[in-house]
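Q: heads up, no residue letters with this:
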RNA sequence: GCCCGGGUGGCGGAAUUGGCAGACGCGGAGGACUCAAAAUCCUCUGGCCGCAAGGCCGUGCGGGUUCAAGUCCCGCCCCGGGCACCA
C-alpha cells in the first residue's frame, strides 16, 4: 500500500465494492434484528448541494454504525420527483419535466454514491414512476371510498394575465404574479381535499410517546390547535330588540363562556353564508362594499395587524340577543373573523379581550367587565383570571368554575353545548399543474363525478404536451388526456385535470420502501409489519409541520382502512432534524447564487474529509455557516490516520515486542475509553464530539509512538484497529482500505468493538484540592482511594499546608477520587 | 405579541448528577527537519499583573441558593427560529 493517503484512488473502488457485494442490501427475511433508517427523500434538483451532503452523511453514519452493531438495516433512497420547479423549467426552456427530472435523479444519485452513502439501491422509488403513480392513485381512491376525500369550493390565487392558478410561492409579497406582474385575485374554485381533520384528536394524542425533538412536537400541537369551549346560538332581533322568530340563532364559538354576560356585540366573517339574510336594507350597500374590499385584499394584508379597526368592520344593521342577559346587541362584519375557524362568527367581550376592546372603541360599543381585575390593574381588556362580576348567576366564581357553570346553563336551556374545536384545516390537495400525480376521477354528464376503476390505474401523464408560456397546465387542453369513458354508463366522460400536491407522494413513500416490488397493493402488510415504524427518520426542520403531519395522517388512515397493519399508527418512531447550511449568514440557495459545490472537495480532499468536516463542525441539529467548516483540518487528520494505519509505514516501523510497560497499558485503557466514548456519542447524535474523540486518540498515539520507549507492536495494532472500527461509519472509505490492508476482510461487516468495563478507568487519577472552592493543588491518587485517605492526603499537601497557614478547616467536603474542598 | 431554542477565548465549539471552565478543530506564535521552501513532527496559545514562583479576574447583565454555579432559582438584555386577528 502507498505510504501516502490518496482518497481518489480508494474511494471509487470501495463504492463499487459496496455495490457489487450488496453490503447494504437487505432482504425482507434477513435474520438480523430489523432497523429502519430513513433520510427524507430529496427533490432532485441536480447534483447534491451541501445541505444534501450534510443530511445524507448523518443518515449514512447511522446505517453503517447500526450494521456493525449487528442489525439488518433497511436503508432505502428515493426521489420526490414531481413538483413545480421541473414544470417551470419546462415552460422557460422547453425541456420536458420528465427528461429534466430523470437527468437530475441520475446526477443526484451519482453525488450520493460519491459521498459514500450506502443504500439498498434495488428499492429506489421515484414519485413520477407509473408504478408509484398507480399506488398513489389507488390510495386516493381508497380514501375516496372511505369518505376521507371530498370536493369543495376554496379560494385560490388566480392570475388574470396568465389565466392560471398560482402557488403561494409564486405570489410576490406585494400581491402580484411573479411571472406577469399582474395583481393576483382570490377566486373560488372546486378543489379536492383530504379530510385530515377527522384525525385531529388522534394526531394530537399520538405525538406524546414519539421520540421527536420537543420543538417539533410543540409546533405540531400548535398547528392542530385544540381548544375547549362552548358553541351556542345568539337569537336574531330587529333594531328595536324584538326577537325575530323567522330566523335561526347565529351560532358562535367561544373559549370564554364565563365572560358571556359581557357580550356587547357580535361579529361575523364577511364570507359567512348568512350575511345576506341578516343585513338590513339600509346597510346592504355598505356591507357589499365591505365584502368586496375584503375579497380584493391579499391574504397577507388581511392577516396583518395594521390598519384601523373602524375601517376593517361594518355594521349589518341587524341585532342579536345575548341569551345570558337578554340584551340586544349589534352585529358587525369584520375581516379578522375567519370563516374557516369555529362557526365563522364570534361573540365579542371587550372587557376581557383586547381585540374586542379595540373594535368596541372604534365602533362605539359598550364595554362591561365581567372578571374582577387585580387592584393595581391599569390596562384595557383584562384577560387574566379573577372572580366573575356583573355576571348574574356566575358572580363570585373562579374562571374554571364559571366556565363550567355557563356551559351547564347553556346545555340545560338547550341553547348550546360544550365544544372542542381545532385550528387544523383539511388538506387541499388539488394543484392546477401538469407535473404531478393525476387525480383519478372522471366527470360524466350523465352519472357525474366517478372514480377511475382500479383496473384502469394508473392514470398516467401524457408526454406529448405543449407547455404554455402562461403556466397553464397542458392537461386542460390535451384532448387525448381529457377524453375518458364513464365507468358506469360507458358514455363519454371528461378527466379531472388537477394533479395532486407533491406532499401526497411523500406521505407514503416510506411504506413503499418496505416492499417496492409489490404489484398487488401499495406494499405488503407483512413487509410493513417487519420494518415499520421507521426507527430513525432524518431531515430538515422545515418539514416539521406539513410533511410530518400528512405522513402521520396517511399512516393512521391506511392502518384504519386495513391497507397497513392495525398496529402501525405512527410512521416515525424517532426523528432527528438537522440544521441547514448558510453562507455568510444567508441560507444557501441556487437563486442566491451562493452555493458551494461539494464536487471540488470530493475531487481534491475526498469524500471522507468532506463527511468528517460535516460531522465535526457543529452539533448536527444546529445551523452552520460554510465559513466555519474545517475541510483542511479534517483532511490533515485523515492523512495522520493513514500514516498510523498503513501496513509497514515508516511511522510505526519501530514498534517493540516483549513485555508491556505501564504506558502501553495506559494506551490500552485509552483504547477502551475511546470505544466507550464513541459508542455513547453516536447513540446521542453527538457526532462533533465523536470526531474530537478520534482526533484526541490519534494525538495520544502519535505522542506515544514518538516517545523515548516507542510503542509496543501488539498494543499499537489493537489501538489502530479499534480506531479504524469506530471511525468506519464516519470515514468509511479510508477505514475500509486500511482495514483490508492490515487484517484482510471487510471492516463494515466487522462487529462493533466492545469496551472492557474494567479498563475504562486509570489506576491513578488527578485529585484537585480546593480551599474555599478554589483549586490550590492537584495530587495524583489511586482511583479507588477512600474518603478518609483522600482527606488525609489533601491535608498533608505542602501547598495546602502553606495555604491554610495554620487555620483549621471548619468543614471538609470529600468526593473521592476527584475532589476535596477545605472550607476555612 | 405568544411559543421554542441559544448567548462560553481571535473563531466553530467541549464540559453525565452542581465538582479542575475552555476538550477537539481552525487561526496565531515558537522550535525540529531542510541548502531553502512546502509537507511533516513537537511545544505554547482566555484576559490582566509578575523576571519567575505565583496571584487576581473570567461562561450576555443584575441579584440569589450552595462548601462549590456555564449548569439550579428570581429579574432583565440581546440573537436565531416558529406561530400570529384562532374567538
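A: Okay, I see it. This is a predicted model, so every value here is computed, not measured.

Q: residue boundaries of the helices in the stretch 651-800 of chain A?
A: Counting by DSSP state H, counting those that start in this stretch, the segments of the stretch 651-800 of chain A that form helices are A:662-683, A:687-705, A:713-727, A:732-743, A:787-796, A:798-804.

Q: Would you mind listing the outside residues contacting the third one?
A: What that stands for is helix A:713-727. A:68, A:641, A:644-645, A:652, A:655-657, A:660, A:664-665, A:667-668, A:670-671, A:674-675, A:678-679, A:693-694, A:697-698, A:701, A:705, A:734-735, A:738-739, A:742-743, A:747, A:750, A:752-753 (C-beta atoms under 8 Å, 6 or more residues apart in numbering). Where C-beta positions appear, they are placed from N, C-alpha and C, glycine not excepted.

Q: One more pass at 6 Å, please.
A: A:644-645, A:655, A:657, A:664, A:667-668, A:671, A:678, A:694, A:735, A:738-739, A:753 (C-beta atoms under 6 Å, 6 or more residues apart in numbering).

Q: Give me the distance between the closest residue to residue A:261 other than its chain neighbours and RNA strand B.
A: Of all residues not flanking residue A:261 in the chain, residue A:391 sits nearest, at 4.0 Å (C-beta to C-beta, 6 or more residues apart in numbering). Distance of residue A:391 to RNA strand B, given as C-beta to the nearest atom of the strand, to the nearest Å: 16 Å.

Q: near RNA strand B at all, the helix or strand harbouring residue A:558?
A: In the assignment (DSSP states H and E), residue A:558 maps to helix A:546-560. No. Judged by C-beta under 7 Å from any atom of the strand, helix A:546-560 stays clear of RNA strand B, getting no closer than 8.7 Å.

Q: what's downstream of that helix, the next helix or strand?
A: strand A:575-578.

Q: hmm, the following helix or strand past that next one in reach of RNA strand B?
A: As assigned by DSSP H and E, the chain's next helix or strand after strand A:575-578 is strand A:581-583. No. Counting by C-beta under 7 Å from any atom of the strand, RNA strand B is not contacted by strand A:581-583; separation bottoms out at 9.1 Å.

Q: Go through strand A:581-583 and flag the buried ones.
A: A:581-583 (16 or more other C-beta atoms under 10 Å).

Q: what mean pLDDT would you report for it?
A: For strand A:581-583, mean pLDDT rounds to 77.

Q: cool, stretch A:422-440 as well?
A: Mean predicted lDDT for stretch A:422-440 stands at 93.

Q: Can you get me the start-to-end distance on it?
A: Separation of the first and last residues of stretch A:422-440 by C-alpha to C-alpha, to the nearest Å is 30 Å.

Q: Next, the buried residues of that stretch.
A: A:422, A:424, A:426-427, A:429-440.

Q: what's the farthest-apart pair in those?
A: A:422 and A:434 (33.7 Å; C-beta to C-beta).

Q: how about whatever residue of the stretch 551-700 of chain A ends up closest to RNA strand B, secondary structure?
A: The minimum distance from the stretch 551-700 of chain A to RNA strand B, using C-beta to the nearest atom of the strand, falls at residue A:633 (2.9 Å). Following DSSP: H, G, I helix; E, B strand; the rest coil, residue A:633 is assigned to helix.

Q: Remind me which helix or strand the residue nearest to residue A:601 when sequence neighbours are not counted belongs to.
A: Of all residues not flanking residue A:601 in the chain, residue A:610 sits nearest, at 4.9 Å (C-beta to C-beta, 6+ apart). In the assignment (DSSP H and E), residue A:610 maps to helix A:607-616.

Q: list the contacts for residue A:89?
A: Counting by C-beta under 6 Å, 6+ apart, residue A:89 has contacts residue A:100.

Q: Residue A:99 versus that one, what's the distance?
A: 10 Å (C-beta to C-beta, to the nearest Å).

Q: likewise residue A:148?
A: For residue A:148 relative to residue A:99 (C-beta to C-beta), the value is 35 Å.

Q: got it, and residue A:638?
A: Residue A:638 is 39 Å from residue A:99, by C-beta to C-beta.

Q: Next to RNA strand B, which bits of the stretch 351-500 of chain A? Give me the list.
A: Going by C-beta under 7 Å from any atom of the strand, the residues of the stretch 351-500 of chain A near RNA strand B are A:353, A:355, A:421, A:423.

Q: contacting residues around the last one?
A: With contacts defined as C-beta under 6 Å, 6+ apart, residue A:423 is in contact with residue A:225.

Q: What backbone torsions are found at it?
A: Residue A:423 has phi and psi values of phi -80, psi -30 when expressed as degrees, to the nearest 10.

Q: picking that back up, need the helices of the stretch 651-800 of chain A in CSV (columns: mean pLDDT).
A: Listed next are the helices of the stretch 651-800 of chain A as CSV, based on pLDDT from 0 to 100:
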stretch, mean pLDDT
helix A:662-683, 94
helix A:687-705, 95
helix A:713-727, 96
helix A:732-743, 97
helix A:787-796, 90
helix A:798-804, 84
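
Q: Now do the contacts for residue A:539.
A: Contacts of residue A:539 by C-beta under 6 Å, 6+ apart are residue A:40.

Q: Note down every partner strand of the host helix or strand of it and its orientation.
A: Residue A:539 belongs to strand A:536-540 when assigned by DSSP H and E. As defined by DSSP bridges, the strand partners of strand A:536-540 come to strand A:34-39 (parallel), strand A:575-578 (parallel).

Q: Mean neighbour count, distance to residue A:278 and mean pLDDT for those strands - can I get that in CSV?
A: Compiled in CSV, the strands paired with strand A:536-540 are given as follows (neighbours: other C-beta atoms under 10 Å; distance: least, C-beta to C-beta, whole Å; pLDDT from 0 to 100):
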stretch, mean neighbour count, distance to residue A:278, mean pLDDT
strand A:34-39, 23, 53, 97
strand A:575-578, 22, 48, 92
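
Q: got these as CSV, with distance to residue A:546 columns?
A: Output for those, formatted as CSV (distance: least, C-beta to C-beta, whole Å):
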stretch, distance to residue A:546
strand A:34-39, 18
strand A:575-578, 14
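
Q: any chance of those in CSV, plus distance to RNA strand B?
A: Formatted as CSV, these follow (distance: least, C-beta to the nearest atom of the strand, whole Å):
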stretch, distance to RNA strand B
strand A:34-39, 20
strand A:575-578, 10
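
Q: I'd like to know which of these is closest to residue A:627.
A: Using C-beta to C-beta, the nearest of the strands paired with strand A:536-540 to residue A:627 is strand A:575-578, at 18.5 Å.
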